[in-house]
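Chemist: Next comes the sequence, and after it the predicted model I'd like to discuss.
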Amino acid sequence: MRKNSEKRELIQKIVSISITFIAFLTAFFVFAQVSFGWFAFSTTVSGNGMGVQVQAIDFLEIRASESGENVGVSQIDKETISIDFPDGETKSIYPGVSGKFSFYVHDGSIQEQNPYAFGYRIEAKNDEFYEGEDFPKGFYPGVTDEDKEKALQYLSSHILFFEHRSGNVFSGWISPESYSPRNVAGAQEAKPCEVAVYWVWVANYEDIFNETSALLEEQTRNDIQDFYLKEGNIDKIMFGGENSLNAFNAADTLIGITVKYICFQIEVVSF
């Protein structure tokens, strides 16, 4: 426990004390691509390309709120939409921090809700739109391309996403390599489907690789462990591909000294 506490303190105080949370959402379907994002530094909703026109039957609406407009644009743009964190939520991300965000998907039904299905997947990555001189594209200056690539592999494996949270226990892992399906039933009233996503930066090796976990429901923990113990996947979560506490912590450290600003990228596809 002391080693894990020391690791978190090191990363928070020395390595990466202020990683801004940014989330981009993208939707892919037959004829168009729509996208929008949440930003931590503004409450202003703005952007271009709003209201891309395609036949309603061929696309999914993506909304930031249940009653909001479709905020789809033709391509990802950092000015598309921005929303502050709710009061009391952290604006820094480091090992052990968790949170939640929601988005809404709708098929364009106007009166009665038609049944439809969609899938989504999520990836944590650098904020490629950050163009400040000090942190170009969200990276610390002077880091090598090799370290960037490794850090992004570790980032999308140490920050995990889930469908459910009960107290402090997460379940229903959203795999980064497959789409989580969602079926929307027909109804007399058309209504957007809310997708709630819970995320956590897993701080401790034992939360995934030791039996029983205070963080993860056991079947969920097994699913994650089995995924990363597959051939070729251990490199995505452990520094040097070694299955050990030190390698897990070293991966966290590389993230902290390489990536300054991050985003959550979500793909939504119609089935």
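Modeler: That came through fine. Note that the structure is predicted; figures quoted are calculated from it, not measured. Numbers count the residues shown, from 1 in each chain.
Chemist: what's in contact with stretch 146-154?
Modeler: Identification of contacts with stretch 146-154 by C-beta atoms under 8 Å, 6 or more residues apart in numbering yields 125-126, 139, 143, 235-237, 239, 251-252, 254-255, 258-259. (C-beta placed from N, C-alpha, C; glycine too.)
Chemist: Now do the end-to-end distance for stretch 208-222.
Modeler: End-to-end distance for stretch 208-222, by C-alpha to C-alpha, to the nearest Å: 8 Å.
Chemist: related to what we said a few turns ago, inside helices: which ones of the contacts of stretch 146-154?
Modeler: Residues from those lying in helices, with DSSP state H as the criterion: 251-252, 254-255, 258.
Chemist: top of the residues you listed by neighbour count?
Modeler: Scoring those on neighbours with other C-beta atoms under 10 Å, the highest-scoring entry is residue 255 at 28 neighbours.
Chemist: how many other residues sit next to residue 167?
Modeler: Around residue 167 there are 5 other residues, counting by other C-beta under 10 Å.
Chemist: Also residue 154?
Modeler: 24.
Chemist: you'd agree it is in a strand?
Modeler: No. Assigned with DSSP: H, G, I helix; E, B strand; the rest coil, residue 154 falls outside any strand and is helix.
Chemist: What's the separation between it and residue 221?
Modeler: Distance, residue 154 to residue 221, by C-beta to C-beta, to the nearest Å: 19 Å.
Chemist: got a list of what residue 216 touches?
Modeler: Applying C-beta under 8 Å, 6+ apart to residue 216 gives the contacts 169-171, 207-208, 224.
Chemist: Which residue ranges of the stretch 101-250 of the chain form strands?
Modeler: Along the stretch 101-250 of the chain, the segments classed as strands by DSSP state E, counting those that start in this stretch run 116-126, 159-166, 169-173, 180-184, 193-201.
Chemist: show me where pLDDT drops low in this structure?
Modeler: In the prediction, the chain carries residues with pLDDT under 70 at positions 1-59, 71-92, 131-132.
Chemist: so where do the helices sit in it?
Modeler: 2-10, 145-158, 206-209, 218-229, 245-258.
Chemist: For the residue lying closest to residue 137 once chain neighbours are set aside, grab the count of nearby residues.
Modeler: Nearest non-adjacent residue to residue 137, counting by C-beta to C-beta, 6 or more residues apart in numbering: residue 128, 5.1 Å away. Using other C-beta under 10 Å, residue 128 has 16 other residues around it.
Chemist: Could you double-check that residue 128 lies in contact with residue 138?
Modeler: Yes. Counting by C-beta atoms under 8 Å, residue 128 touches residue 138, with 6.6 Å between them.
Chemist: Quick check: neighbours shared by these two?
Modeler: In contact with both residue 128 and residue 138: residue 263, using C-beta under 8 Å, 6+ apart.
Chemist: Out of the ones in helices among the contacts of stretch 146-154, which comes closest to residue 187?
Modeler: Comparing the ones in helices among the contacts of stretch 146-154 against residue 187 with C-beta to C-beta picks out residue 255 as the nearest, at 43.2 Å.
Chemist: ok, the closest residue to residue 100 other than its chain neighbours - contacts?
Modeler: Of all residues not flanking residue 100 in the chain, residue 198 sits nearest, at 5.1 Å (C-beta to C-beta, 6+ apart). By C-beta under 8 Å, 6+ apart, the contact set of residue 198 is 98-100, 161-165, 170.
Chemist: quick one on the thing from earlier: ok, the contacts of residue 216 vs residue 217, which is closest?
Modeler: Relative to residue 217, the closest of the contacts of residue 216 is residue 171; by C-beta to C-beta it sits at 3.7 Å.
Chemist: And for the nearest residue to the closest one once chain neighbours are set aside, the neighbour number?
Modeler: Distance criterion C-beta to C-beta, 6+ apart; nearest residue to residue 171, sequence neighbours excluded, is residue 217 at 3.7 Å. The tally of other residues near residue 217 (other C-beta under 10 Å) stands at 18.
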